[in-house]
Structure formats: C-alpha cells, structure tokens
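Student: fold the following, please.
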Amino acid sequence: MPLDNPLEVYKLLPKSNCKLCGLASCLAFASAIIKGEKHLTECPHLDRKFIEEIEGKIVRQLTQEEQLKNVLEPLKKEISRVDFSKSAERLGAGLSGKKLSIRCLGKDFTVDSEGNVISDCHLNVWVITPLLNYIIQGAGNDPTGKWVPFRELSKETVWNSFFHQRFEKPLKLLLDAHPDLIEDMIYIFSGKPVKAHFDSDISLALYPLPKVPILICYTKLTEDLESKINVFFDETAGTNLHIDSIYRLCMGLLVMFRKISLRHLGSPRDGVSVI
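Tutor: Numbering: from 1, shown residues only. Got it, this is the predicted structure:
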C-alpha cells in the first residue's frame, strides 16, 4: 500500500518526538518526508531493514513549483492556437516576426508560437505561467486607475484567505526586516512611486504584466505602531488575468523579493537579475 500522506508515515514512526531528526515532532518529520525534505535514515530509531521495506512505498508530493511546471505543457499547446498578430495590440505587447515581446517588471520577455519564453533574466515558473495565461485569456482592457483589494476581484473566500496568509502577510514581514527592499523594487523592477494611498507611508506601483498593475501600500514599523501593508489591483485586473493566475503572479513576486533580501544586491546595484 503506497504511503502518500503524512499520517500514514507517522503511524510507522516511534512517536517519541525526540527532535534528533532536527524537527519538533514525529508528525513534522513525517510531513517533511512526504515533501521530500527529509529521509527516513534521519530518524535514529528506525533500523535499516525497516527503512528498506517501506522506503519504496513512499509517494512524495509535488511541490507547488513542480505542479506549476506540469501546467505549462497544456498552456504551450493553447499558445500555438493564438493569433499573435491580433494579440499584440490587445495585450500591450510588441510583435517581431512570429514572436510576442512583453514587458514584465521592466524586463523584456519574448514568447514564440510554441509557448517558449526567452529572456535575459532567470525564468521564474511562477511568473511564466501567468504570462502565458495573460496571452491566452487577457481581454486587453486598459487599466482605469481605480484600485481595489484582492477580495473585490475574487468572491471565493478560499482565494482571499490564501492571498492574505501566503502573500500579504509574508510580504509585510519581509519589508519589516528589509526596509530597503522598496528601493530595490524601484531599481530592479521599474517600480513607480505614486502619491501615497490609503494612509500609507509608501505607495509603489509595479507592472508585472503591461495591463495588470499592482499597488503596494506600506506603513513602516515604528516603536509605537505595528507596520501595515495593503495590496491593490486595478479594477480591470480580473478581465486581463484569471484570479488564480493573479494569485500565482503575486507568489512569483514574493519569491523574487525573498531572493533580493537574501542577496542584499552586493556592491552598488550589481545588476543581478532575479526574475
């Protein structure tokens, strides 16, 4: 019988919570095994014969990034049916021969008729997937300048919860720890400071896709007050990109912001590209 969830693996562990594997509990260890982050040999209480018996039964879960890569193939097939000549003006893109050129976060991305994406930047699957969906699904509606929160784009509670817990909250913590990240967003991603919105200290507009702008409003952490972040989208965003792609696009941004915070950009703006 395959072991494809943490509880099934947990049943086979000693349940001592000894922490010798480096994790807080046997359940956490079981979860890490399913994710491929830990190996059974890291539990000192399991003998080799037992490990050999059950190792082949463990079914590792795909990471979110691996799942996204699996989504790319059907998207590429859909791209092959798109008329690029009609799409260029609609999407705010350029056309060179049979290739679309789209500006993403201040960088040029070229997409051919087979869905292959070319850029001088490192290609982030969290951004590539929404980019292809933008070409396939985008209505091409121009932004109106009216900013709305994510919850007004999605009526599905689950997406709203995901967005707050997995994007807004981690981004706030990241900005609290690395206040200079706002300046980096401006320099690396061609962010545009705009007049402060919604009582924030900083309001910054990013253009991850030509017609899907994002507004990040951040109030700095002080001795007396907790920091605050609000993320907004143009009211037309949902017509130019499906809600799940908007969510994934934001997760792609978070991945890039985290890379910047870890690198600290070296000596003066060393030109490292993180897309």
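Student: quick one: furthest residue from the center of the chain?
Tutor: In the chain, counting by CA atoms, centre = their mean, Lys49 sits farthest out from the average C-alpha position, at 40.8 Å.
Student: name the helix or strand for that residue, please.
Tutor: Secondary structure assigned from DSSP states H and E places Lys49 in helix 48-55.
Student: for the stretch 51-200 of the chain, which spans come out with low pLDDT?
Tutor: Applying pLDDT under 70 to the stretch 51-200 of the chain picks out residues 64, 156-157, 196-197.
Student: all strands for it, in order.
Tutor: 94-96, 99-104, 107-111, 117-118, 147-149, 192-193 (DSSP state E, counting those that start in this stretch).
Student: so which of those comes closest to Ser16?
Tutor: Closest to Ser16 of those is strand 147-149 (CB to CB; 46.1 Å). In this view, the C-beta of every residue, glycine as well, is placed from N, C-alpha and C.
Student: does anything pack onto that closest one? Which helices or strands?
Tutor: strand 228-234 (3 or more CB pairs under 8 Å, 6 or more residues apart in numbering; DSSP states H and E).
Student: please redo it, this time with the cut-off set to 10 Å
Tutor: Strand 147-149 sits against strand 212-219, strand 228-234, helix 237-240, with contacts defined as 3 or more CB pairs under 10 Å, 6 or more residues apart in numbering; DSSP states H and E.
Student: give me the distance from the first one to the chain's centre.
Tutor: On the basis of CA atoms, centre = their mean, to the nearest Å, the separation between the geometric centre of strand 212-219 and that of its chain is 16 Å.
Student: mean confidence score for that strand?
Tutor: What strand 212-219 shows for mean pLDDT is 94.
Student: just the CA trace of stretch 25-39, in CSV.
Tutor: Extracted in CSV, the C-alpha atoms of stretch 25-39 (Å, rounded to 0.1, in the frame of the first residue of the first chain):
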residue,chain,number,x,y,z
SER,A,25,7.8,16.3,16.3
CYS,A,26,7.5,13.0,14.6
LEU,A,27,4.5,14.4,12.7
ALA,A,28,6.6,17.2,11.4
PHE,A,29,9.2,14.7,10.3
ALA,A,30,6.5,12.6,8.5
SER,A,31,5.3,15.7,6.7
ALA,A,32,8.9,16.6,5.6
ILE,A,33,9.4,13.0,4.3
ILE,A,34,6.3,13.3,2.1
LYS,A,35,7.6,16.6,0.8
GLY,A,36,11.0,15.1,0.0
GLU,A,37,12.7,17.4,2.6
LYS,A,38,13.7,14.6,4.9
HIS,A,39,14.8,11.0,4.6
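Student: for that stretch, which positions count as buried?
Tutor: If you call a residue buried by 16 or more other CB atoms under 10 Å, then stretch 25-39 has these buried ones: 25-34, 38.
Student: same question, stretch 70-78
Tutor: Buried-residue list, stretch 70-78, by 16+ other CB under 10 Å: 75-76.
Student: and stretch 96-107, by the same measure?
Tutor: Those would be 100, 102-107, for stretch 96-107 by 16+ other CB under 10 Å.
Student: and for stretch 131-144?
Tutor: Buried-residue list, stretch 131-144, by 16+ other CB under 10 Å: 131-136, 138, 140, 143.
Student: could you do stretch 219-239 as well?
Tutor: 219, 229-239.
Student: quick one: end-to-end length of that stretch, please.
Tutor: 30 Å (CA to CA, to the nearest Å).
Student: so who does Met251 touch?
Tutor: 64-65, 68, 124, 126-127, 130, 162-163, 166-167, 170 (CB atoms under 10 Å, 6 or more residues apart in numbering).
Student: burial of the residue nearest to Tyr207 when sequence neighbours are not counted, as a residue count?
Tutor: Excluding the flanking residues, the one nearest Tyr207 by CB to CB, 6 or more residues apart in numbering is Pro213, at 5.2 Å. The number of residues packed near Pro213 is 19, by other CB atoms under 10 Å.
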